[in-house]
Structure formats: C-alpha cells, structure tokens
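Asks: sequence below, structure please.
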Amino acid sequence: MATTWSTRHFEEWEDQLSQAIGHHSSTLLTPEVPFCSSITVRQAEGVAAVSLEGKSSLRLHRWQPPGQLLLWLPQQGWVQDRINGQQVLAEPGTAMLCLPGDELLGETSRYLKGVSLLLPSAGFGHPGSTGSLPGRHLAQGSEVVALIDTAHQLLAALRAGAPDAPWLAGLLADHLLFWRDLAKPPPSERSLGAVERRHQIRRARDWIEAHLHRPLRVTELADALHLSTRSLQFTFRQELGHSPLEEIRRLRLRRLRQLLRTAPLGAGGMGALYRQCGLSDSAFTRRQYRLWCGETPAQSRILAGLGPVAPPG
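Replies: Here you go, the predicted model:
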C-alpha cells in the first residue's frame, strides 16, 4: 500500500518529509523557481521506500534517527552532501548511505528525483557495529553494482506489493555487509585454511538447519560460529561461490522438498509445511521453489504419490 503527498508549499513539504524519514531542517535556495514536490511511501515488514520528486534547489540539514539506515538512490539530479564532515556527491548510478547518528549537510540540484530506502540497523549486528561501514558513498566495484541492482529489485517489489520484498531487504543488507567487509583492512585473525573453511561450512549448515523455522540473519550466524561477518562471508564465497544468505535460502527449499515428499498435510495444509522451513505461503515461495527444483510444490507431492493439493487461495 502506498501513501502519496503532493504540495506546492515548502513548509508543508518539510512536514511531510519529516514524517517519512525523520526530522530535518531545510532552506529554499531558489525562491524564484516555483516549488513543487511529490512524496510516496511504501512499506513492508520493517523496510520502507520513500520516493521523492521535486523542483527548486534546497539546502538540507538532518540527523539520521537511531535504529535505522537510509540508502539514497538518485535517479535524476544530484545531492552534494557532507556527512559527518565527509564530502559525498550522490548522482544517478551511485548510492549514499546514512547511519544512525549521522549528520548530513547538503545542497540539491534544481530538479531532483530519487528514492530513500529505510532499513532496520538491527540487520547489521550489535548496536554500534554499523560505525565500521566504510565511508558513505557507494560508487564503484562489482559488489556495489550488485547492491544497487538488488535495491532496485526491492523497489520494484515494494511498488508491486510483492511478498518477496522482505527477502530482498535481507539480501540488500547482506550486500551492504559484504561491501563493508571488502573495504576493511586484512583481518588480524588467522586466515582459515581449506580444511578449516569446510569444517566451518558444515557447522554453519548444522546451525542453519536447526533454526530454519524462524527468521535468520547473517550476523546472527557469524556470532553463533564465533566468526566475524567478514570471515563468514569469505568462507562461503570461497567454498560455495555464494553468500551465507543464499545458503540459508537453499537449505530452506531443500527442507521444503523433503517435507512435501514425506509429511502428511494437517489442518494447516501446505502453509504449515512452508512455515516449518521459515518460508511464506506465497507465489514468491512457489516461484523460487520451481526455479530451484524444476517442479512446483504441488507437483512434488504428486510425484511422491501423496496426491494433489488444493490450489492456493
């Protein structure tokens, strides 16, 4: 569901933006240009997208509120900012990150269009751990390209009201963690050898499988294995060629196929089987299952001789 505000009054716009992304103060730099703005807010399970389009150059001053990260994705125009004194030019094709407690001072071009993604900072580990994220400007590297592509997939899912939005938000957080860890200096901890990495993968899989029924975060898995998220990310990418979050998804789908082929349907129907794997009873889950398995969940039951199931409501 989307909420949209449109206005030609600067003071009204300030109030609307404060409601959407937190308190700030702004100054109109081009009073000779007729001011107009449109703000649209879309939300899904802890993540929100605030689409902004406006005319007239502004000077902005705001603090990022606690418990929340903001990722700004410019689409047209630019924002010249100083975040905690660090210069950042946010322009189309790049992204700008604000962490809890960040102070932002900036100026915009006369026409501006873009989206702010608001993500819970809890996905990045213990309070204060976000301070280790490098800089605030995401502008180069294959990891940034993948991150921005995932951000746009999340925006499309939010616009469509698709059930995969929370999963994509988790994937975006995973990309941000990987970007952070790539920019860190080499860890002081001893690098893991191949045998040790494979042992950690087995331990990680065992832990994931024991907790598949509930939401899981990469930072939580790293804590359970007594590893840094950097070591965990690199261990998975070196040994398996994908991230820990992707492995969680694969193990969920693997467990679902096992249940579909062996478990009787109770009062909860197919939805109860999905929930045991930490998955939603949705078209998104069925699509992911079909892409992974080459058959639909219903076809898995039929092929196992358990008979057809009622179509989803």
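
Asks: quick one: residues in contact with stretch 281-288.
Replies: 162-164, 167, 249, 253, 270-271, 274-275, 279, 296-297, 312 (C-beta atoms under 8 Å, 6 or more residues apart in numbering). No exception for glycine: its C-beta is placed from N, CA and C like everyone else's.

Asks: which among the residues you listed count as buried?
Replies: Ala162, Pro163, Asp164, Trp167, Arg249, Leu253, Met270, Gly271, Tyr274, Leu279, Pro297 (16 or more other C-beta atoms under 10 Å).

Asks: quickly note the distance from the residue lying closest to the first one once chain neighbours are set aside to Trp167.
Replies: Read that as Ala162. Among residues not flanking Ala162 along the chain, Phe284 sits closest, at 6.4 Å (C-beta to C-beta, 6 or more residues apart in numbering). Separation of Phe284 from Trp167 (C-beta to C-beta, to the nearest Å): 7 Å.

Asks: mind checking the SS state of Gln43?
Replies: Classification of Gln43 using DSSP: H, G, I helix; E, B strand; the rest coil returns strand.

Asks: beta partners of it?
Replies: For Gln43, the beta-bridge assignment (DSSP bridges) gives partners Ala48.

Asks: the one 10 residues further on now?
Replies: When bridges are assigned using DSSP bridges, the partners listed for Glu53 are Ser38, Lys113.

Asks: for Phe284, see how far away it is.
Replies: For Glu53 relative to Phe284 (C-beta to C-beta), the value is 29 Å.

Asks: now do Ala173
Replies: Look at Ala173 and Phe284: by C-beta to C-beta, they are 18 Å apart.

Asks: can you check Val47 too?
Replies: From Val47 to Phe284 the distance is 15 Å (C-beta to C-beta).

Asks: with Ser6 instead?
Replies: For Ser6, the distance to Phe284 equals 31 Å [C-beta to C-beta].

Asks: and for Arg214?
Replies: Applying C-beta to C-beta, the value for Arg214 to Phe284 is 18 Å.

Asks: returning to that earlier point: can you lay out the buried ones among the contacts of stretch 281-288 as JSON lines showing distance to Leu28 and secondary structure?
Replies: Listed next are the buried ones among the contacts of stretch 281-288 as JSON lines, based on distance: C-beta to C-beta, whole Å; DSSP: H, G, I helix; E, B strand; the rest coil:
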{"residue": "Ala162", "distance to Leu28": "37", "secondary structure": "coil"}
{"residue": "Pro163", "distance to Leu28": "41", "secondary structure": "coil"}
{"residue": "Asp164", "distance to Leu28": "39", "secondary structure": "coil"}
{"residue": "Trp167", "distance to Leu28": "40", "secondary structure": "helix"}
{"residue": "Arg249", "distance to Leu28": "47", "secondary structure": "helix"}
{"residue": "Leu253", "distance to Leu28": "52", "secondary structure": "helix"}
{"residue": "Met270", "distance to Leu28": "55", "secondary structure": "helix"}
{"residue": "Gly271", "distance to Leu28": "52", "secondary structure": "helix"}
{"residue": "Tyr274", "distance to Leu28": "51", "secondary structure": "helix"}
{"residue": "Leu279", "distance to Leu28": "49", "secondary structure": "coil"}
{"residue": "Pro297", "distance to Leu28": "55", "secondary structure": "helix"}
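
Asks: will you turn those into JSON lines that also has distance to Gly135 and pLDDT?
Replies: Shown next, in JSON lines, are those (distance: C-beta to C-beta, whole Å; pLDDT from 0 to 100):
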{"residue": "Ala162", "distance to Gly135": "32", "pLDDT": "84"}
{"residue": "Pro163", "distance to Gly135": "34", "pLDDT": "81"}
{"residue": "Asp164", "distance to Gly135": "30", "pLDDT": "83"}
{"residue": "Trp167", "distance to Gly135": "27", "pLDDT": "85"}
{"residue": "Arg249", "distance to Gly135": "29", "pLDDT": "90"}
{"residue": "Leu253", "distance to Gly135": "36", "pLDDT": "92"}
{"residue": "Met270", "distance to Gly135": "46", "pLDDT": "88"}
{"residue": "Gly271", "distance to Gly135": "44", "pLDDT": "89"}
{"residue": "Tyr274", "distance to Gly135": "40", "pLDDT": "92"}
{"residue": "Leu279", "distance to Gly135": "36", "pLDDT": "91"}
{"residue": "Pro297", "distance to Gly135": "44", "pLDDT": "91"}
